[in-house]
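**Student:** Got a sequence here, can you model it:
(one chain, ligands or ions: 1)
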Amino acid sequence: MRQFSVKTQARSQMIDVTAQVRSILRESRVENGICVVFVPHTTAAVTINENADPDVPRDILAQLDKTIPLRGDYLHSEGNSAAHIKASLFGASETVLVEGGSLVLGTWQSIFFCEFDGPRTRQVCVKIIPA
Ligand code: ZN
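**Tutor:** This next block holds a predicted model:
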């Protein structure tokens, strides 16, 4: 398993980490298999979505804030229940196929690290499994 860190700058943020994942894949020299991207955090997530228009991640985060407001009828004493809920909705991992040494992603797809309780320094774990 390989890891890299991501420094987030805001409470909520989506950061394109595709280049870091591609670099780990290249170094692995695996031609075919699967690539698992996992975040070991309870208030962060990973998702795949559009990389071309920065308004897409902006709209995703804005709508998430409306649907899951920061302050609500939450019991969790740490005060970051909204971030926990968002993290569970998105999930802690994504699996991407590897074919011919490349990630199988659509033209407009990128892998995004999703921060929901930043700013913080976070870890992203990547495992390339040959198949
Ligand atoms: Zn918490």
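
**Student:** Just the buried residues of stretch 90-109, please?
**Tutor:** 90, 92, 94, 96, 98, 103, 105, 109 (16 or more other Cβ atoms under 10 Å). Quick note: C-beta positions are derived from backbone N, CA and C, even for glycine.

**Student:** So what touches the longest strand along the chain?
**Tutor:** Counting by DSSP state E, the longest strand found in the chain is strand 121-130. If you take Cβ atoms under 8 Å, 6 or more residues apart in numbering as the criterion, strand 121-130 is touched by 1-8, 17, 20-21, 24-25, 28, 30-41, 44, 46, 98, 113, 115.

**Student:** Which positions within that strand qualify as buried?
**Tutor:** With burial defined by 16+ other Cβ under 10 Å, the residues of strand 121-130 counted as buried are 122, 124-128.

**Student:** Let's verify Leu64: helix, strand, or coil?
**Tutor:** helix (DSSP: H, G, I helix; E, B strand; the rest coil).

**Student:** any idea how far it is from Thr47?
**Tutor:** Note on Leu64: its distance to Thr47, by Cβ to Cβ, to the nearest Å, is 11 Å.

**Student:** so the most centrally placed residue in the chain, which of the three states?
**Tutor:** Residue closest to the average C-alpha location in the chain (Cα atoms, centre = their mean): Val46, at 2.1 Å. Judged by three-state DSSP, the three-state class of Val46 is strand.

**Student:** do you know how far it is from Thr121?
**Tutor:** From Val46 to Thr121 the distance is 16 Å (Cβ to Cβ).

**Student:** Near the ion, list only the ones from the buried residues of strand 121-130.
**Tutor:** Contacts with the ion within those, as defined by Cβ under 5 Å from the ion: none are present.
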